[in-house]
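Trainee: Here's a sequence, model it:
(chains A, B, C and D, ligands or ions: 4)
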2 protein chains.
Amino acid sequence: MLLSYTEENYLKAIYHLSEDGKIDVSTNAISDALNTKPASVSDMLKKLSQKEVINYIKYQGVSLTPSGKKIALQIIRKHRLWEVFLVEKLNFNWDEVHEIAEQLEHIQSNLLIERLDEFLGFPPFDPHGDPIPNERGEMKAKKHTPLSETELHNQGKVIGLKETSPLFLQYLDKAGIYIGAKIKVMDKIEFDGSLEILIDNKKTILVSNEVAKNILIAES
Amino acid sequence: MLLSYTEENYLKAIYHLSEDGKIDVSTNAISDALNTKPASVSDMLKKLSQKEVINYIKYQGVSLTPSGKKIALQIIRKHRLWEVFLVEKLNFNWDEVHEIAEQLEHIQSNLLIERLDEFLGFPPFDPHGDPIPNERGEMKAKKHTPLSETELHNQGKVIGLKETSPLFLQYLDKAGIYIGAKIKVMDKIEFDGSLEILIDNKKTILVSNEVAKNILIAES
DNA sequence: ATAACAATTTAGGTTTGTCTAAAAAAAAAT
DNA sequence: ATTTTTTTTTAGACAAACCTAAATTGTTAT
Ligand SMILES: [Mn+2]
Ligand SMILES: [Mn+2]
Ligand SMILES: [Mn+2]
Ligand SMILES: [Mn+2]
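Mentor: Ligands and ions are numbered 1, 2, ... in the order given. The predicted structure is shown next:
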């Protein structure tokens, strides 16, 4: 089935919104995510329901059907592969790629995306540590312990981020934090939940609780 | 100025139609090129005229303004660079890339296209021998003597094509003709204008006049 | 010079995706 | 158990890009 650029964006938004455990996604949440009005979302949900890519009962929220989920994962696959291309091949910084990938993810060609995947060496993760689905929509589960919940003195590695906004990524660059960096929590300040962390056994810095919540760690 | 996907395609079509020496392009020619109805073209010409990217006098055809021409050349630059990428990096055949480039040419990001150009080594020509405009819209003029008008026994090199449809490209593959191939005209059959040609001093084949008109030669 | 034909434009509609304002339903508060 | 507030849907409009049918302008042939 062929969906429009806009319909694809709705499916992707619904997928991302239901990622945080939520089973049913609300009209308002979608309108927030896509910067449209709730009334426009209602219209679109009716249309997507007709096309059988979402389960929709009026006033009761929405979820993806298996076929809708498959489409959403294909778009996410394309988005993340293009992000890898931009960073690995065209030397973009990780905070510059999202906007361009938002456009590139809608290019229609299965052959293109399979060739791109091959050209990039079948990367399992994108520049922000997010897993890249394969053709069947399967991806490596990345276990996510936020840095804010890591035990004191435990050594871990940065495997991903909850936030990927340019401002946050630029902050991380400045702090010397990147995907793969070794991090050890040296001290927890009870007052505001900020953490003293040792990066790569070299540099000790203080990060706020807000920052720590958005850094995902694989403990070792 | 920001133009829509569709407006960009109109400018590109007008540019290509005026390439063949024509100063003013007709409504019907545009509607043919874009597979739309003349009435739709009239609507769009009014809009493009308002945006000052075309010179338009009702009933008298249309031409690009300097700013319209600049935009058209930027789109063509993007199209051709992406074609090089697809062939050189993703191993596509030259007859498979046009459709995908039609989509990729509309991706908006100056940085992207400059980085891509650099990544590809600043190629002066695309896989079909067409010149790639630089950021300022300048490109190498390619002199075009159709093979059909080449002197008997003259040796030349294939530098481009007039037609780049998949069917024609596939025919050339089969015949062993490619950009850069050495060609010598051995005989001209007066009856139908077909030619006996020697390719790379190895293989002699017969090509129709129709084919010969669409192969561009640099004589040496 | 006029009639016939071809090219182009206008008039009036459709579809997609958006909006605002108003109505209806669900959830929260009293 | 009502009332109030919030969420969601419907009603009615609009812009972009297309269409068909009809009117207009330009071109060619008599
Ligand atoms: Mn992204
Ligand atoms: Mn990402
Ligand atoms: Mn092309
Ligand atoms: Mn080309």
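Trainee: Check the secondary structure at the residue with the largest distance to the centre of chain A for me.
Mentor: Distance from the C-alpha centroid of chain A, by C-alpha atoms, centre = their mean, peaks at A:Phe191 (30.5 Å). Under the three-state scheme (DSSP: H, G, I helix; E, B strand; the rest coil), A:Phe191 adopts coil.
Trainee: State the distance from it to chain B.
Mentor: Per C-beta to the nearest C-beta, to the nearest Å, A:Phe191 is found 43 Å from chain B. In short, each C-beta sits where N, CA and C put it, glycine included.
Trainee: got it, and A:Asp173?
Mentor: From A:Asp173 over to chain B (counting by C-beta to the nearest C-beta), the distance is 18 Å.
Trainee: likewise A:Ser63?
Mentor: Going from A:Ser63 to chain B by C-beta to the nearest C-beta gives 30 Å.
Trainee: average pLDDT for the helix or strand harbouring that residue?
Mentor: Assignment of secondary structure by DSSP states H and E places A:Ser63 within strand A:62-64. Mean pLDDT, strand A:62-64: 97.
Trainee: Then stretch A:40-59?
Mentor: So the average pLDDT for stretch A:40-59 ends up being 97.
Trainee: Centre-most residue in chain A?
Mentor: A:Asp130 (5.6 Å).
Trainee: give the contact list for that residue.
Mentor: If you count contacts by C-beta atoms under 8 Å, 6 or more residues apart in numbering or on different chains, A:Asp130 has them with A:80, A:142, A:160, A:164.
Trainee: what ranges of chain A fall below the confidence cut-off?
Mentor: For chain A, the stretches with pLDDT under 70 are A:143.
Trainee: mind giving me the domain ranges of it?
Mentor: For chain A, automatic domain parsing gives the domain ranges A:5-64, A:145-219.
Trainee: want to throw those domains into CSV with distance to A:Glu114?
Mentor: Compiled in CSV, the domains of chain A are given as follows (distance: least, C-beta to C-beta, whole Å):
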stretch, distance to A:Glu114
domain A:5-64, 19
domain A:145-219, 25
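Trainee: Out of these, which is closest to ligand 4?
Mentor: Ranking these by proximity to ligand 4 (C-beta to the ion) places domain A:5-64 first, at 24.6 Å.
Trainee: Do the closest one and ligand 2 come into contact?
Mentor: No - Domain A:5-64 lies out of reach of ligand 2 by C-beta under 5 Å from the ion, never closer than 11.3 Å.
Trainee: Quick check: end-to-end length of that domain?
Mentor: Domain A:5-64 has an end-to-end distance of 17 Å (C-alpha to C-alpha, to the nearest Å).
Trainee: got the contact list for A:Phe78?
Mentor: No Phe there; residue A:78 is Lys. Residues in contact with A:Lys78 (C-beta under 8 Å, 6+ apart) are A:104-107, A:113.
Trainee: Just give me the closest of the residues you listed to ligand 4.
Mentor: A:Ile107 (17.3 Å).
Trainee: How about the closest one, nearest residue that isn't a chain neighbour?
Mentor: Excluding its sequence neighbours, the residue lying closest to A:Ile107 (C-beta to C-beta, 6 or more residues apart in numbering or on different chains) is B:Gln103, at 5.0 Å.
Trainee: Am I right that that neighbour is in a strand?
Mentor: No - using three-state DSSP, the assignment for B:Gln103 is helix, not a strand.
Trainee: Test my guess that it contacts A:Leu104.
Mentor: No - with contact defined as C-beta atoms under 8 Å, B:Gln103 does not reach A:Leu104; the gap is 9.5 Å.
Trainee: ok, those two, which is more surrounded?
Mentor: A:Leu104 (24 against 18; other C-beta atoms under 10 Å in any protein chain shown).
Trainee: So which residues of chain A form helices?
Mentor: Using DSSP state H, the helices of chain A run over A:5-19, A:27-34, A:38-50, A:66-88, A:98-104, A:110-119, A:166-175, A:209-213.
Trainee: ranking those helices by burial, who's on top?
Mentor: helix A:66-88 (a mean of 21; mean count of other C-beta atoms under 10 Å in any protein chain shown).
Trainee: ok so, going back, with ligand 2 as the reference, measure out to the residue farthest from the centre of chain A.
Mentor: Distance of A:Phe191 to ligand 2, computed by C-beta to the ion, to the nearest Å: 33 Å.
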